[in-house]
Every structure is written in structure tokens, then in C-alpha cells.
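1. kindly generate the corresponding structure for this input.
(chains A, B, C and D)
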4 protein chains.
Amino acid sequence: MPIVLGPNRYGKAENRVVRIYRDQARHEIRDINVSTALRGAFAGAHLFGDQSQVLPTDSQKQTAYSFAKEKGLVTIEAYALELGRHFADTVEYVDSARIEVEEFLWQRVSAGGIEHDHTWVRSGQEVRTAAVTIEGHGDDQSATVIAGFKDLTILKSTGSEFAGFYEDGYTLLEPTNDRVMATSLVAQWRYVGTDVDWNAAYEGIKTILIEKFATLHSLALQQTLFEMGKAALEAYDSLAEIRFVAPNKHHFVYNLEPFGVENNNEVFNADDRPYGLIQVSVLRDELPAAPAAWDSYTGLV
Amino acid sequence: MPIVLGPNRYGKAENRVVRIYRDQARHEIRDINVSTALRGAFAGAHLFGDQSQVLPTDSQKQTAYSFAKEKGLVTIEAYALELGRHFADTVEYVDSARIEVEEFLWQRVSAGGIEHDHTWVRSGQEVRTAAVTIEGHGDDQSATVIAGFKDLTILKSTGSEFAGFYEDGYTLLEPTNDRVMATSLVAQWRYVGTDVDWNAAYEGIKTILIEKFATLHSLALQQTLFEMGKAALEAYDSLAEIRFVAPNKHHFVYNLEPFGVENNNEVFNADDRPYGLIQVSVLRDELPAAPAAWDSYTGLV
Amino acid sequence: MPIVLGPNRYGKAENRVVRIYRDQARHEIRDINVSTALRGAFAGAHLFGDQSQVLPTDSQKQTAYSFAKEKGLVTIEAYALELGRHFADTVEYVDSARIEVEEFLWQRVSAGGIEHDHTWVRSGQEVRTAAVTIEGHGDDQSATVIAGFKDLTILKSTGSEFAGFYEDGYTLLEPTNDRVMATSLVAQWRYVGTDVDWNAAYEGIKTILIEKFATLHSLALQQTLFEMGKAALEAYDSLAEIRFVAPNKHHFVYNLEPFGVENNNEVFNADDRPYGLIQVSVLRDELPAAPAAWDSYTGLV
Amino acid sequence: MPIVLGPNRYGKAENRVVRIYRDQARHEIRDINVSTALRGAFAGAHLFGDQSQVLPTDSQKQTAYSFAKEKGLVTIEAYALELGRHFADTVEYVDSARIEVEEFLWQRVSAGGIEHDHTWVRSGQEVRTAAVTIEGHGDDQSATVIAGFKDLTILKSTGSEFAGFYEDGYTLLEPTNDRVMATSLVAQWRYVGTDVDWNAAYEGIKTILIEKFATLHSLALQQTLFEMGKAALEAYDSLAEIRFVAPNKHHFVYNLEPFGVENNNEVFNADDRPYGLIQVSVLRDELPAAPAAWDSYTGLV
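-> Numbering: from 1, shown residues only, chains lettered A, B, ... in the order given. The predicted model follows:
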């Protein structure tokens, strides 16, 4: 059997673009890490080292920085759409473009009780993400937007059980009806279409997810995640599906009995490894799947 | 449209298992990070919090440690096959199991010119990886093995060009016929079948990849990667395909002209971000694809 | 000249203790990483392997967890004082104890506009730190408390200059009267005595530092740091000195001229390495120095 | 009491300089991360924002790159001495200079059994380090060199005990006469003078340390470290002192008894946190101490 070139993709990863809006005394800031990737007629580069159809990754970088001014960087979704369409529409030999963005969030500082015009501290609560996939040209062109966040570390100190589970010969775990449940959540949702108020949707969906995590009495992290996703899809018709990656960050009750100290779920060891790891998707039935939209280029999103 | 549960998977990630063979004075060591993941009839846990069909991730952990003794841990591929088959064959409700392993390599220490029996230093050259996917039961069961490595940082100080590329309005890059080419290589290859001498194949394939990187005069990192993959597939009939992820770790010639110092490709700035990023696969034509085999559970491999 | 044992210290590093207060429906959480280190009559362990005077690091760990309940964990400064005094007072052969703590801060979640009783998200704005040194026994015992934070990333988009600097033959830099100034600040301050309202002081000092960073028109990061420290010492008599470690996180104006795009300090490349790095202390004159208080055990603080 | 400026220092951290020697077909490579820091008459910058005596950190960066060609980069010790003396001797207002270097080691690739001329893989076994301190001017100038390594992960699977230790009310640990002992070693040694064959000394000292770790039957990690240091000082008259930082990377015997599986020190859990942490110095008595030499600027060494 002959040996052939399979699927391939290339681009510039992790451009650290910072955009300041300073038209008024009260500045605005956007701080992102953006990666661009192209698919297309690049077999020549692989088979013969022929670069004549390859746009340098350096040119992709220049474009990413320039578009932060030319097109603006108000929401990462709109910016990524501009960038992806540019590559698909104007660069010969490109069949599809993928743009992945991490956004680092900043919080305006107060000085003397008043919000400061041009000083912020980085807010570490979560990293907002977007991934845009542009496929094809002209009337056949499709655009898919995935938005979400990562690194949202959330914990509840009660209201979570783990009991009644399946047991095999390697099962030592004791059931519990009251445990700490914590995760560092990755959530990514796919929109139907691109006519979305990106910031409002982001804030609304994030709020729903957090509220459901807090208020649902949990019989399983799986159940919590499903209910979180279901609530988001029920509230936002623009959502086709949502996916979670949720490490179960174990908090083990520390045994203080040898020291005659009572520990009623008050002192825990927060362990590093291993950790439970749950991946789950919640989706609107009967909608077509979009596998290309989920084909990550970097570890960013 | 109804909202439904989509694909899901759960398990225990990053069990840090160390196995010492000490039957003889000359010990052997295996040091791994292993993750286990299960798919199956787990809808109840998501929809109703019903755990009765869910094997705890803690039980999966216990099994991973116990199998290092029960079944042995000589090669990560054989160990992962044992573990994956165990879950698929003996745990009710499991349809498929995925085992991912990182192996940290150790090098025996010399003392007085003689190899020491029970002391090693960690060799940081690369991390060896394996990912095994077991699907189905009984005669319909399939097992797919992907092996490879990550974090192999390799550099050549000449013998690499980048010229004749496509240019658009954002292209500032100058062509070069002599540059440093460096990457931190991820390589993963899929075997046909499981009747393989895992260690010999690993060493052989790794050697071929490194030699091709070294000896091919490179017109493009894309070309180098394709030729590396092609050479491995030509030499090993047991390989169905190989995939690379290769960041182009830029080494920029530092401008010393302002100081009257000549810099003939002698002093470089090794930049962190952004970096070019190439993903490419090389495959034997006419073989069926194996998408499930490439569906990573963790960032491990 | 004889070869002898020099200064030495040992302990248990990075105990990840989580304490939940759950006496009322509205829980409270404290989440810390604590390290303990002891100095004393431990020469026997080094010279002869004699452990008879060595309290195991495991026992130190047990104590750290148990004290989170026995003594409570309301402020990291008070907790570290309890722990340090315990080792110095009750463990034979111990001459001095050092306790270092990182505190990860959590923010209570709102659900339906109401603060939730037992759910939080991790707030990544900064990591609060403390380092307590207990030396000696009985009436000669001294206790020194250093408090502070790290990882406070702060940025101002104008109001910062860098001009009029010294130039040598390697100076290419152009002066600027308007630049982005950003740092990931480490601040540590030493208290006089231990009769301090730890939480109030922490919040007050942090606010002063941030406000000064925001409001001072900066001619140099050095100047900004000195004025920040001076303002804190002026406001808090309980402070003996304050030290800063401040990487100058460079934001380089991106050159968009080749594309005919104006960039009036609007688009920046946030570079990783290298970075300027400033270390500076501000102190109350005529107070005795406290070198032991600054002798870090881990990279924690 | 007046508030005054205390000790301060500034410079450029983490310049990633790569130097290729290519005068012959067989190239050589040096790959370093270098930081420069200056002390001197910089009060004006802090007190008034007056930069007229401040050499920009950018100029320090330019010098670090240029010196890799001008002065060469054969050993990091000699390179750091050149750089430090340059700042102290030629830059007005500088009283002392500190240069810290990490060196990433590369191993030449073999192709067809022959060492390749210009291709290497990064060897991750350890990171070599140096820290040079230059104080004063002219005849009063002193130069101190500390060399060493970090990240040397070393493990012995037997020949290590921990028993007979002191016990208090928090002691649960059982003594053991056979355990795995592992550490990720940091070793730093200070030379007397600068007339040293840097590479030979480095290799010789590293070999002695590793051999002693392997061959000494260990009653305590403390004992092992002391004997390692003593052996190095006995063999090298040019050494004034050596310091170790050694995390005790715990390998806990995994309990397989519930599964009826014997575990005779064969299967371990390699735990992350917490870890024992030992700091110890071994020194030649009667030599003057050199505290400035140990005043680290970055986390590099």
C-alpha cells in the first residue's frame, strides 16, 4: 500500500495581543492569546518542500495584531470571525481557517472609591475562550462559533453525595452523603449561527452554570454537569450543544482521630493527583453535529 | 427539540504508579502516569444521579496500581492492554475503555565505572507515551494501540531553509537559506494489531525519526515531518499511520550590527511565543481509519 | 581545614489544608498551602544518620492539619504563629521554627441575586502569603510576622514614562513619555510585634498599594514602588519594612506602519521573556533589621 | 522615624541566548537563560524618578547577546565573569553586578552510528547553573563564582532507611529499614578564586555527588547529603562550600492487601505534595563566609 500525506494544518500559535481603547479618558482593555491555523492546498510543502502556496506563519501573526486595530477587538468571537474569514476569503489555497482565542480578564481598580480610568488588576476567576471555524468560500462558506471558559475553579462544601455505586473486586471506597465537591471547569458551547450578542450570552450562560452548580443537591458530578448544560440550553435557543471537562478535585477528609480531634467535614487534604475526570456533552437533539468545530488546534481551548 | 445527553466518558486521571523489579540484585524501574476512562451505560448517573452502574474512579485507581504487580509493568503498551481489557471484560455496563500512559525514563547511574544495581537518574530526553482503546466484548472486541513520545526537543543549526513562500499584504518575512530549525516533537503512531515487540519498535521508530530529521536537507518543517513519517512507515509494516505535532521553536538571529559585531548565524534569541505550529499525519493508503483511537482523554498524549 | 556541617533546616513543604467552618448554614472556607521548617540540634542526623532528635516531617504534616481544627484557621498569620510556637515550645531539640503559608482566596457565589451559603469560585486576583519565624524559648522567644501577597498582576495603560536614562555603547532603547506599565507584583511587609488585626491590615495595605500604583504619574517603576511602600508605612505604624519584587512585564507597541495602520499606543505585544526585574525595600529607619525573617524556606513566599 | 529607601537591585531577567559555534563543519551549541542585575547609585530613580544614572535593562540585554559573540560562550562561568566585570568596570554608578545563568544541555544525535555535525536533542537530565557576583572596582574588586545544577532527579530503590526517630503526640509514621529514596536535587558550590577548569570541575563534582548518593547505605537523607558534600570538598580544594536543597519525593508503598496481592516494595504511589524538604550546607571551616554570593536575584539558581 502506498504511503500518503494525511490531514494537516499549520499556523501561528499563541500571539499575545493586547488592545487598549483610549479614545476617551476612560480606557478599555482587551488581553488575548490568539492562534490561527489554516488547511488547504499545502501538499507541495510536505511532498517537495515547495512553499509557493504557503502563507508564512509570520504573516498570520502580523494579521492578528493588525486586525486588533483594523477590525477592532471588542469581543473575541467577532474578532475571530473577522480573522478567520480574512484568511479563507483572501489567501489563495486556503480551504478552511481556525482561530482560537483565550481572553484574560481584567478588573478596573478603584482609587478613593472611584473606578480608575486606566488601571486594572488581572482577574483570575476564569479564562474566557472562543474557537471559530470557517470552511469554504463564497456562498458555500460556513462559520461555526464555540465559546466558553476554562479554569473556573468552583467548590461547594456540602450538598453533594456519592453513594449507591457499582462495586467490583477493587472497590474499597466508602459511600458518602456529604462531601466537598470541587472542580476546575472547562465549558464550551456551540452557537447556532453568528447573530449573537456575544458578551451578553457569555455572561448569561456563565451565570446559569454557576447557579445550577450551587443550588442543585448533587447525587453525582455527572448529574450536576448534565443539569448545568440542560439549564443553559433551555435558556438560550442560540445554543446547539455544550461540552464539559470536569476534573473531580478530591478533598479528602483528614483523619484527626489519632489526636483525639473531631473532624466533622471541617479539615480536608486537597489532593493533586490522581483526580476523577468527567467529560460530557449535552445537546439539542435532531441538530446536525459539527465535528470540525471541535477539532482543537492548540491546548488553548 | 428535546435536550439530550450526548457522548460522555469518565475515569481516573494521572495515577502515578512506580514499579520496581527487585527479584535480582540488579533492580529494574518503571515510572508511569496512567489514566483510565470508561464509556458505557452511564446515562442514569447523568439523568437521575443514579450511580448503580458506575464503577467508582477510585476502583479504577486501585486496579491500575494492583495490575502493576498482578500483570506486571514491563512495557506500557502491554500493561495498558491488560488494564483496558479488564475493564471491558469484567465490569458490567462498560462498552469501551481507554488507557493513556506517560512513561518517565530513567538512566542507570555508574559508580566507579560500573552500572549501579539500584540507582537511576531521570532522563529528560523525551516522555514515552501509549494510548490503548478497547471497544466491545467477546469476539467483537477490538484493541487499538497508539504509541509514541512527546517533549523530544531537537535542533539543527544548519541544513534548513525557508524561502519561495506565498506572500500577501501582511508578509514582511525575509526568505532564508540557512536557519536554525528546532521543535519539541510529539509523535504518535498507530499499530496494526497487537502482536508487536513494543520496546524494539519504539526504539527503532524513534531512531529513524531522529536520523531523518538530522540528515534531510530541509526546505520546510512540513517536508521534514512528512519524510520522517514516511521513513518510519517504510521500515515498519506494523505501522498504519503516524501523526506529528511540531511547534516551530523560533530562533531569531540577533542583530549585533549596532555594536559592530558580526553575527553569521552564531547568536540567536530563542523566543517563547508565538510559535509556528504544524500538525500532520502520514498514513498507509487504503487502510480503514480509526477515529476512536485518536480521541484523547487527557492532555497526557 | 576541616570540613564541617553548616546551617541546615528541614520540614514538610506544601501541605494543602482546606478548612470549612460549618457551624452555621452559611459556611466559611480557608484554603492554604502551608510549609513548616525546623532548625535545631540535628547534627547527629547529618553526621551519623542518627534520627533520635529528628521529629519526622510526617508528624509536622499531621500537626498542620490538626491545628486547622484545634487552633482554628481564621487568619493565616494567627494560624502560623500557633504552629510555629508549638514546634519551638513542645518539640525538644528545636531552636527555631518557620511557617510559610500561601492562601488561595475564594469568592462567594450569588444565586438568584443572593449570596450562596456554601458555594464559592476561586478568585485568582492574588495569592495572600504569610511567613512566621519563631526563635528561641521561654522569655527569650521572638516571633516575627511577614505578610503580603504574590501574583497580583496590575497594569496601567498610560501615565507612565521612561526617559532621560543613562546610555552606554549598548543602548538602543528610545525614550518614551507614554507607555503601558504592568507587573506581577510580590509584596511582603514585616510587622512590628504580633498585636495586629491581620485581616484589616492586609486589606488596608493592599488597597494603599493599588491606589498608589494607579494614581501616581510614574517616571520609573522604581519610583512607583518606592512611593507605594512609603504610603503603606506612613499609614500603618505596625509596619517595619516592605519589600517588592516586580517584573516589568513589557508591552511593546506593535509596528503596524507596513500595513498603513496607525497605532497610537493601542496594539501591543505582551512579551514573555526577558523582562526587567526590580527588587526594592522601603523601611523605617533606625529599626533593627531582621535577616532571619527574610530567609525563605520554599518558593512559596 | 523617617521612611527610607533600603537595599535595591534591578536588571534584565531570563535572556534566552543560544550560541552556535560553526567555524568547522562540526558545530557546537550553548543554550542559556541569563539574568543580569546591578546595584549602585540608583536612589534618584526611586526617590525622584530620575533615570540619569540608570542603564536601561534593554542595554543589559543587548550586552548579554553581544558578549556571546564578542567574548564567547564556552563555559557559563567564564561568560558570566566577563559580563559581570563589564558592568562593574564600564558602567558608571554601578557598585556590584550579579549574573545568573541556567544552561540547557544538548546531546549530539547519532545518524547511522556516526555523531551528527549539527543536530542535537535536548538532554533533560539536569540544568547546569552559575551565579557570579562582582563587587567593587579596580584593585578592590572581588569576584565570586557559584556553580551547580538543579532538577537532577535521582532515585534509589533500596539501601535507604528511616527509623529510630523522635516521636511526639502527632507521630503516626512507622519506621522502615527499606524504602525508595528519591529527590530532585539542587546543588550549588562556591569556588575559592576563579582559576578553575570550569567544565572539568563541574563534571567531576557531579560524578562524585551521584556516586555517593548511589553507594552510601542511607540512614537519613540528611546523612546522604552531608556525605555527598563532604566527598566533593575532599576531592576539590577549589571548593569553599556546597549547599543542597533536596525535596524528599515520597514514594509510598501501595497497599494491595485488600486484593490479595503481595507488595514487597514493588509498587509505589509517587506523591506530589506535601514533600519533605531538606536544606543543608557543608563547608570548609575557617574560611570567611560570602553572604552576597548567595543572594539570589531570580528563581533561576
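2. can you give me the strands in the stretch 151-300 of chain A?
-> A:181-191, A:239-248, A:251-253, A:267-270, A:275-284 (DSSP state E, counting those that start in this stretch).
3. in its sheet, what does the first one sit against?
-> Strand A:181-191 sits in its sheet next to strand A:142-156 (antiparallel), strand A:239-248 (antiparallel), going by DSSP bridges.
4. export the ones you listed to TSV and append columns for mean pLDDT and mean neighbour count.
-> In this view, the C-beta of every residue, glycine as well, is placed from N, C-alpha and C. Below are the strands paired with strand A:181-191 laid out as TSV (pLDDT from 0 to 100; neighbours: other Cβ atoms under 10 Å in any protein chain shown):
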stretch	mean pLDDT	mean neighbour count
strand A:142-156	98	22
strand A:239-248	98	23
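5. any chance of these in CSV, plus distance to residue D:161?
-> As requested, these are arranged in CSV below (distance: least, Cβ to Cβ, whole Å):
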stretch, distance to residue D:161
strand A:142-156, 40
strand A:239-248, 37
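6. name the element the nearest residue in space to residue A:43 that is not next to it in sequence belongs to?
-> Distance criterion Cβ to Cβ, 6 or more residues apart in numbering or on different chains; nearest residue to residue A:43, sequence neighbours excluded, is residue A:5 at 5.7 Å. For residue A:5, the host element (DSSP states H and E) is strand A:3-21.
7. so which bits of that strand are buried?
-> Neighbour-count burial for strand A:3-21, counted by 16 or more other Cβ atoms under 10 Å in any protein chain shown, picks out A:3-6, A:8-20.
8. could you find the closest non-adjacent residue to residue A:249?
-> Spatially, and ignoring its direct neighbours in sequence, residue A:249 is nearest to residue A:182 (4.3 Å; Cβ to Cβ, 6+ apart).
9. need phi/psi at the closest residue to chain D within the stretch 51-200 of chain A.
-> Using Cβ to the nearest Cβ, the closest approach of the stretch 51-200 of chain A to chain D is made by residue A:172 at 5.8 Å. Dihedral angles of residue A:172 (phi, psi; degrees, to the nearest 10) stand at phi -110, psi -20.
10. same deal with the one 3 residues further on?
-> With angles defined as degrees, to the nearest 10, residue A:175 shows backbone torsions of phi -70, psi 160.
11. what sits against it?
-> Taking Cβ atoms under 8 Å, 6 or more residues apart in numbering or on different chains as the criterion, residue A:175 is in contact with A:161, A:162, A:163, A:164, A:165.
12. pLDDT value on it, please?
-> pLDDT recorded at residue A:175 is 97.
13. equivalent analysis for the one 3 residues further on, please.
-> According to the predicted model, the pLDDT of residue A:178 comes to 97.
14. what about it, how many residues close to it?
-> 14 (other Cβ atoms under 10 Å in any protein chain shown).
15. cool, residue A:129 as well?
-> Neighbours of residue A:129 under the rule other Cβ under 10 Å: 23.
16. hey, what's it bridged with?
-> For residue A:129, the beta-bridge partners under DSSP bridges are residue A:102, residue A:148.
17. correct me if wrong: it contacts residue A:296.
-> No. Applying Cβ atoms under 8 Å as the test, residue A:129 and residue A:296 come out as separate, 10.4 Å apart.
18. for residue A:92, give its distance to chain C.
-> Distance of residue A:92 to chain C, given as Cβ to the nearest Cβ, to the nearest Å: 19 Å.
19. please name the nearest non-neighbouring residue to the residue of the stretch 201-301 of chain A found nearest chain D.
-> Residue nearest to chain D within the stretch 201-301 of chain A: residue A:272 (4.2 Å; Cβ to the nearest Cβ). Using Cβ to Cβ, 6+ apart and skipping residues adjacent in sequence, the residue nearest residue A:272 is residue D:272, 4.2 Å away.
20. any idea how far the one you found lies from residue C:66?
-> 22 Å (Cβ to Cβ, to the nearest Å).
21. got it, and residue A:167?
-> Residue A:167 is 32 Å from residue C:66, by Cβ to Cβ.
22. comparing those two, which residue is more hemmed in?
-> Applying other Cβ under 10 Å to residue A:167 and residue C:66 shows that residue C:66 carries more neighbours, namely 23 against 14.
23. sorry, back to before: so the residue nearest to residue A:43 touches residue B:226, yeah?
-> Yes. Between residue A:5 and residue B:226 there is a contact under Cβ under 8 Å: 6.1 Å.
24. which neighbours do the two share?
-> Here residue A:5 and residue B:226 have A:46, A:47, B:280, B:282 as joint contacts, going by Cβ under 8 Å, 6+ apart.
25. could you dump these to a markdown table with pLDDT and distance to residue D:290?
-> Below are those laid out as a markdown table (pLDDT from 0 to 100; distance: Cβ to Cβ, whole Å):
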| residue | pLDDT | distance to residue D:290 |
| --- | --- | --- |
| A:46 | 98 | 57 |
| A:47 | 97 | 61 |
| B:280 | 98 | 53 |
| B:282 | 98 | 57 |
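26. just the buried ones out of the residues you listed, please.
-> Listed as buried from those are A:46, B:280, B:282; burial here means 16+ other Cβ under 10 Å.
27. wouldn't residue A:236 be in contact with residue A:205 here?
-> Yes. Under the criterion of Cβ under 8 Å, residue A:236 makes contact with residue A:205 at 6.2 Å.
28. got the contact list for residue A:85?
-> Contact analysis of residue A:85 by Cβ under 8 Å, 6+ apart lists A:97, A:134, A:141, A:143.
29. quick one: contacts of stretch A:250-268?
-> With Cβ under 8 Å, 6+ apart as the test, stretch A:250-268 has contacts from A:155, A:157-158, A:178-180, A:182, A:269-271, A:275-276, C:17-22, C:62, C:65-66, C:68-70, D:169-170, D:172.
30. my read is residue A:77 is in a strand, agree?
-> No. Looking at residue A:77 with DSSP: H, G, I helix; E, B strand; the rest coil, it is helix, so not inside a strand.
31. next, count neighbours for the residue lying closest to it once chain neighbours are set aside.
-> Distances taken as Cβ to Cβ, 6+ apart put residue A:198 closest to residue A:77, at 4.2 Å, once the chain neighbours are dropped. A count of nearby residues for residue A:198, using other Cβ under 10 Å, gives 19.
32. how much space separates residue A:198 from residue A:130?
-> Distance, residue A:198 to residue A:130, by Cβ to Cβ: 8 Å.
33. between those two, what contacts are shared?
-> In contact with both residue A:198 and residue A:130: A:76, A:77, A:147, using Cβ under 8 Å, 6+ apart.
34. spit out the contact partners of the last one.
-> Residue A:147 makes contact with A:77, A:128, A:129, A:130, A:188, A:189, A:191, A:198, A:201, A:202 under the criterion Cβ under 8 Å, 6+ apart.
35. same check, this time on the second one
-> Taking Cβ under 8 Å, 6+ apart as the criterion, residue A:77 is in contact with A:130, A:132, A:145, A:147, A:194, A:196, A:198.
36. which parts of the stretch 1-150 of chain A sit against chain C?
-> For the stretch 1-150 of chain A, the residues in contact with chain C (Cβ under 8 Å from any Cβ of the partner chain) are A:15-22, A:27, A:29, A:31, A:62, A:65-66, A:68-70, A:106-107, A:109-112, A:116, A:118-126.
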